[in-house]
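K.L.:
can't give you the sequence, but here's the structure:
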């Protein structure tokens, strides 16, 4: 299968995007649709969003990335592009481009989850994985990078495991089983690793508060522009 269609959880997918790399604009509106024949028209339509929302979320993604990249170790300037696709996924390539699909965006529930996704893809770029064939070691390193970066933000450390739990519901069905995940550790293992890291952080910081950002996400107003008091949470034992 062509690497362009290789589906795996928050995967680094390396493919040429010269039209992105050469663009003078920071924000690029791209409406790609990668539709294998196995996807029905009804399934595809459920992942589409209106043109207005597409532009609104494109601006939101770009602005949020600008703030997160300032916290990253190398402070690389990224271009974040929303693409129309029925697959819940995110990609990075050699041009410091991060692509997020509409299906993944619709699956998320908060800004903290979106930041976890961006941090994972930023990790692939900053760790120089984009010139290599993706493997499980790369994915584990990008996961570690993402969690560390998340801890340097005000966001809830549980966000990363929440994203994976939502994706697990999708990719547990036979259609999305191996070989799609040959390059990634098992989802359950990644969830356990993120959950353990988050639990340890909260144990060591019991009086801390962290930001969820559900309202920010659905209103497309990032934390660095507007904060809502009811989005701050203490750790809750579940």
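P.N.:
Received it, and whenever you're ready, just let me know what you need. What you see is a predicted model; the values in this text were computed from it and never measured.

K.L.:
now the nearest residue to residue 228 once chain neighbours are set aside. Its backbone dihedrals?
P.N.:
In space, and not counting its chain neighbours, residue 228 is closest to residue 215: 5.1 Å by C-beta to C-beta, 6 or more residues apart in numbering. For the C-beta atoms, the positions are set from N, CA and C on the backbone; glycine is no exception. Main-chain torsions, residue 215, degrees, to the nearest 10: phi -70, psi -40.

K.L.:
ok, residue 215 - contacts?
P.N.:
221, 228, 230-231 (C-beta atoms under 8 Å, 6 or more residues apart in numbering).

K.L.:
got it, and residue 76?
P.N.:
Residue 76 touches 69, 96, 122, 125-126, counting by C-beta under 8 Å, 6+ apart.

K.L.:
show me how far stretch 69-88 is from its chain's centre.
P.N.:
Stretch 69-88 has its C-alpha centroid displaced from the chain centroid by 8 Å (C-alpha atoms, centre = their mean, to the nearest Å).

K.L.:
and the end-to-end length of that stretch?
P.N.:
Terminal residues of stretch 69-88 are spaced 23 Å apart (C-alpha to C-alpha, to the nearest Å).

K.L.:
so for that stretch, mean pLDDT?
P.N.:
The pLDDT scores in stretch 69-88 average 90.

K.L.:
quick one, helices of this structure?
P.N.:
In the chain, the helices defined using DSSP state H lie at 18-21, 41-46, 51-69, 102-107, 111-126, 136-151, 159-171, 187-204, 214-219.

K.L.:
just the mean pLDDT for the first one, thanks.
P.N.:
Okay, so that is helix 18-21. In the prediction, helix 18-21 has an average pLDDT of 34.
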